[in-house]
Each structure stands twice: as C-alpha cells, then as structure tokens.
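**Student:** Quick one, structure for this:
(2 chains)
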Protein chains: 2
Amino acid sequence: MSDHATGPVGPFEPPYYSVIFTSVRTEGDNGYGETTDRMDELVADVPGFLGTESARTPGGIGITVSYFRDEESIKAWRSNLEHQAAQRRGREEWYEKYVVHVAKVERSYGFVRG
Amino acid sequence: MSDHATGPVGPFEPPYYSVIFTSVRTEGDNGYGETTDRMDELVADVPGFLGTESARTPGGIGITVSYFRDEESIKAWRSNLEHQAAQRRGREEWYEKYVVHVAKVERSYGFVRG
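**Tutor:** Numbering: from 1, shown residues only, chains lettered A, B, ... in the order given. Next comes the predicted model:
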C-alpha cells in the first residue's frame, strides 16, 4: 500500500507469490502517508514476507507489488487487524478505485548494467 | 515497458498471467518514449493480451504490469522481433537495472468508490 518503498526487489527463488495492488487515489493525504509507513513496518514482520516495491505517476495511477513466500504468509498479512483497519480506511478515504491481483510467480530474472 | 498506459486494468477472469517489469531508468529519453508507444501498439495485437498498466515515481522506479490470457500469448509477445530489438536497446541504453516476474494470477478483485 506504500508509495515509499524502494525497488526493484528480487528476483527471488520461485515459486513465490506477488500481490499487485493498482490504485487511483482521492485528493489530499488524509493520513495516508503515515499509515503506509506503519504498514511498511508491520508487513516486514510477517513470516515469509520477501519485499515490496511501489511507483506512482503524479496525477496518475500507483502500483505496489508485495512479494511473499507462500499463501500462508499472504494469509497472515491479510488477517492482521491493523492492516484490515487500514484497508477499510482506504476504501472510505484514500482510493477512488483499485484492483488487486494475487499471482504465483513461476519465473523471474534481473538485469543490472555492467 | 510503457509509462503511458493508463490503469488500473482488470480484474480479469482467473487464471491469467501477469508480467511484472520493475525498472530504474538511465538519464535522458534516448528514444525511449517513441519506442514504448510503438510497443503499446504492437502488444495490443497479440492474441490473448488483456491489458497493461504502468506507473513511475519521478526519480524513482517504474513498474509496468502486462496481463495475458495464457503462456502462449506471453510466448507470442516474447518472440516478436521488434519487441526483442527494443529489449536489447533497453539493456544497452534505457535501464540501469530491471527485474521481471512472470506470475499466474489465481484471484483478483476490484473496488470502485460508490
């Protein structure tokens, strides 16, 4: 949910899971920045959490991808009560719309300039 | 590869595939914008292409996610010669680094403000 995380992260050893969260924000901050910082802290403690990366085009969409080792770690994060409260607040205040895709990564690779 | 596509796209009917491309750019445009426009045109003609969405934080990372119906449609796009030439040029000129994750979407859902 954060716009703060750096990246790219990975690649990790497949299989693992990606949660793709694509959103259009409402106007104003409304406590969003503070909450995303807190969510960054919390998710880092979830067993099986691998990393997160986020980008937002000014005036456009934001994409945050979080990576987890398995379904169990996604479930642990989804059942966190503080996270659930943040999700509710997201629907009430922060997002015009969003789409979530939960996907099992089958292969991955990276490039770094030599 | 585009920074131009709007979004969010989907959700689509699972299963389908996501290709997550996360990158750090080099300085300057160097023909990047023109090529991404062309790639947007080309990928739209690939059978099984579902949509693409892209965000880039100024001075930070970019994330582009492209969605395809199945492995066959990803393979068709990967084997496009003009796309392969753009990928080579990406490594030579446009990207400091990137990571690609190919993942099978198992579930997805969306929210739109009422």
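**Student:** remind me, longest strand of chain A?
**Tutor:** As assigned by DSSP state E, the longest strand anywhere in chain A is strand A:95-112.
**Student:** Just the angle for that one relative to strand B:95-112, thanks.
**Tutor:** Taking axes from the mean of the first three to the mean of the last three C-alpha atoms, to 10 degrees, one finds strand A:95-112 and strand B:95-112 inclined to each other by 160 degrees.
**Student:** Pairing partners for strand A:95-112, with directions?
**Tutor:** Paired with strand A:95-112 in the same sheet, following DSSP bridges, are strand A:16-25 (antiparallel), strand B:95-112 (antiparallel).
**Student:** Pick the most buried one from those strands.
**Tutor:** Scoring these by mean neighbour count under mean count of other C-beta atoms under 10 Å in any protein chain shown gives strand A:16-25 as the most buried, with a mean of 22. Just so you know, the C-beta spots here come from the backbone N, C-alpha and C atoms, and that holds for glycine as well.
**Student:** show me the biggest helix of chain A in terms of residues.
**Tutor:** In terms of residue count, the longest helix belonging to chain A (DSSP state H) is helix A:32-43.
**Student:** what helices or strands is it leaning on?
**Tutor:** strand A:49-56, helix A:81-89 (3 or more C-beta pairs under 8 Å, 6 or more residues apart in numbering or on different chains; DSSP states H and E).
**Student:** Nearest to chain B, out of the ones you listed?
**Tutor:** When the helices and strands packed on helix A:32-43 are ranked by proximity to chain B, the top entry is strand A:49-56, at 4.2 Å, counting by C-beta to the nearest C-beta.
**Student:** Is any residue of that closest one near chain B?
**Tutor:** Yes: interface with chain B: strand A:49-56 contributes A:Glu53, A:Ser54, A:Ala55, A:Arg56 (C-beta under 8 Å from any C-beta of the partner chain).
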